[in-house]
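> Quick check, what structure comes out for this input:
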Amino acid sequence: MRHASLVLLCGLLVADLNGQGFVALHQFTNGSGPGPIQGVDGRLYGTTSDGATDSGTIYAMNPDGTGFTILHTFGIGGDGWAPMDALVQGTDGRLYGTASA
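Numbers count the residues shown, from 1 in each chain. Here you go, the predicted model:
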């Protein structure tokens, strides 16, 4: 008897408003988070609850899926862990969010 393996990956997806053109922009191998926000610079910014040190990350990427960058890894230096809420961008241009203590 043969068995198939299924690996569930979390990802950032995009589709046209009519539901067509569905594309995976990025796949996360560990953790997921709320949907990203689009910063005033046009890039997408978001958080994952796991990743890197299993304590969460803040990431940025271009809207076409290129330029994925981890901006911050939680759990290093006592700065919290497992961010679960979306980021917001203040009028000063900085990103703000919350993480567990």
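> my guess is I58 meets P83, correct?
Yes - here I58 reaches P83: they are 7.1 Å apart, a contact under Cβ atoms under 8 Å. From N, CA and C alone the C-beta is placed, and that goes for glycine too.
> Just give the number of residues close to G42.
8 (other Cβ atoms under 10 Å).
> For it, list the residues it contacts.
62-63 (Cβ atoms under 8 Å, 6 or more residues apart in numbering).
> what does P36 give?
12, 44-46, 61, 86-87.
> Same question for the closest residue in space to it that isn't next to it in sequence, what's its three-state structure.
What sits nearest to P36 in space, not counting adjacent residues and going by Cβ to Cβ, 6 or more residues apart in numbering, is G46, at 3.4 Å. G46 carries the three-state label strand when classified by DSSP: H, G, I helix; E, B strand; the rest coil.
> Enumerate the beta-bridge partners assigned to G46.
On the basis of DSSP bridges, G46 is bridged to Y59.
> So what's the residue count around it?
Counted with other Cβ under 10 Å, residues neighbouring G46 total 24.
> and what of S100?
Taking other Cβ under 10 Å as the criterion, the count of residues near S100 is 12.
> okay but it is in contact with G75, surely?
No - using Cβ under 8 Å, S100 is not in contact with G75; the gap is 10.2 Å.
> residues bridging contact with these two, i.e. touching both?
W81.
> ok, which stretches of this protein are strands?
Along the chain, the stretches classed as strands by DSSP state E are 10-14, 23-28, 37-38, 44-48, 57-61, 69-73, 88-89, 95-96.
> Could you list every helix and strand that the fourth one packs against?
Packing partners of strand 44-48 (3 or more Cβ pairs under 8 Å, 6 or more residues apart in numbering; DSSP states H and E): strand 10-14, strand 37-38, strand 57-61.
> same for the last one, what does it pack against?
Packed against strand 57-61, as judged by 3+ Cβ pairs under 8 Å, 6+ apart, are the following elements: strand 44-48, strand 69-73.
> ok, and which of those strands has the densest surroundings?
Ranked by mean neighbour count under mean count of other Cβ atoms under 10 Å, the helices and strands packed on strand 57-61 are led by strand 44-48, which reaches a mean of 23.
> Now do that one: distance to the chain's middle.
4 Å (Cα atoms, centre = their mean, to the nearest Å).
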